[in-house]
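[1] Need a 3D model of the following:
(chains A and B)
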Amino acid sequence: SQQGEEDPQALSIQEGENATMNCSYKTSINNLQWYRQNSGRGLVHLILIRSNEREKHSGRLRVTLDTSKKSSSLLITASRAADTASYFCATEGNTPLVFGKGTRLSVIA
Amino acid sequence: GAGVSQSPSNKVTEKGKDVELRCDPISGHTALYWYRQRLGQGLEFLIYFQGNSAPDKSGLPSDRFSAERTGESVSTLTIQRTQQEDSAVYLCASSLAGTYTNEQFFGPGTRLTVL
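    Predicted structure coming up:
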């Protein structure tokens, strides 16, 4: 089945640095979505990139998608302490969204 | 408008008891999803509703789990004869249309602890 797997599992950076998280998946997809989760509760949708797109920006977020490598990356520029959270990629095809285990990002002030 | 709400926010129960979890989706959202998240893990898909029908129940882990939805409104997830392995956060999400291509809006979750 499709599955997003995030890498690294945990990332700790200083405020102001950039954070890069990667996601790999196994089968063809229609789109890939990134979500953020604070304190183990509800997720918030960050950005969706379609299979025919290669890069997308939203504020300090930049997402890339390489369908030939079945991988995506999420870049958060100029990180802030408030960016501390878990970040999940979710792949979508003809089945429900399949979430990976997430990357736990800690931004140290 | 109001977001997705879930109740209770926390539930502690004894092994063997039944529990009922409730989800109120965003008004007008036809699709509703239930997920389970164990501590430190990703989200596990449980069931998807389009209106009050459930075209995808593939994620329900056992016949102790069931869910229903009234029209395009509230949904309840019922777990019978709870086991300790059922302890997790149960998240509900809704989206505008009946495909998987839309952004999902999540509720705050119900944290279930089975003693």
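[2] So which residues on chain A come close to chain B?
    Contact residues (C-beta under 8 Å from any C-beta of the partner chain) of chain A with chain B: A:30-31, A:33, A:35, A:40-45, A:48, A:88, A:90, A:92-102. Every C-beta, even on glycine, is put in place using the N, C-alpha and C of the backbone.
[3] Where does pLDDT dip in chain A?
    The model of chain A has pLDDT under 70 over residues A:1-3, A:40, A:94-95.
[4] one step back: write the ChimeraX selection for whichever of the residues of chain A next to chain B are buried.
    Per 16 or more other C-beta atoms under 10 Å in any protein chain shown, the buried members of the residues of chain A next to chain B correspond to this ChimeraX selection:
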select /A:31,33,35,41,42,43,45,48,88,90,92,93,95,96,97,98,99,100,101,102
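[5] so does the helix or strand where B:Leu91 lies get close to chain A?
    Per DSSP states H and E: B:Leu91 is located in strand B:88-95. Yes: counting by C-beta under 8 Å from any C-beta, chain A has neighbours in strand B:88-95: B:Val89, B:Leu91, B:Ala93.
[6] Pull up the pairing partners for that strand, direction included.
    Strand B:88-95 has its sheet partners listed here by DSSP bridges as strand B:31-37 (antiparallel), strand B:105-106 (antiparallel), strand B:110-114 (antiparallel).
[7] mind checking which of those strands is nearest B:Gln50?
    Of all those, strand B:31-37 sits nearest to B:Gln50, with 5.7 Å by C-beta to C-beta.
[8] just the strands in chain A please.
    A:5-7, A:10-14, A:19-24, A:31-37, A:43-50, A:55-58, A:61-66, A:71-76, A:85-92, A:98-99, A:103-108 (DSSP state E).
[9] neighbours around B:Lys17, how many?
    Neighbour count of B:Lys17, defined by other C-beta atoms under 10 Å in any protein chain shown: 12.
[10] Please identify the deepest-packed of the strands paired with strand B:88-95.
    strand B:31-37 (a mean of 24; mean count of other C-beta atoms under 10 Å in any protein chain shown).
[11] can you pull the contacts of the residue positioned nearest the centre of chain B?
    By C-alpha atoms, centre = their mean, chain B has its centre lying nearest to B:Trp34, at 3.2 Å. Shown in contact with B:Trp34 (C-beta atoms under 8 Å, 6 or more residues apart in numbering or on different chains): B:Cys23, B:Phe45, B:Leu46, B:Ile47, B:Tyr48, B:Ala67, B:Ser75, B:Leu77, B:Tyr90, B:Leu91, B:Cys92.
[12] Switch the strands paired with strand B:88-95 over to a markdown table, and while doing so, append mean pLDDT to every line.
    Formatted as a markdown table, those follow (pLDDT from 0 to 100):
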| stretch | mean pLDDT |
| --- | --- |
| strand B:31-37 | 92 |
| strand B:105-106 | 92 |
| strand B:110-114 | 97 |
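[13] Switch those over to TSV; also include distance to B:Lys57.
    Converted to TSV, the strands paired with strand B:88-95 look like this (distance: least, C-beta to C-beta, whole Å):
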stretch	distance to B:Lys57
strand B:31-37	10
strand B:105-106	20
strand B:110-114	19
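[14] To A:Ile13, which of the ones you listed lies closest?
    A:Ile13 lies closest to strand B:31-37 among the strands paired with strand B:88-95, at 24.8 Å (C-beta to C-beta).
[15] what's the next secondary structure element after the closest one?
    strand B:43-50.
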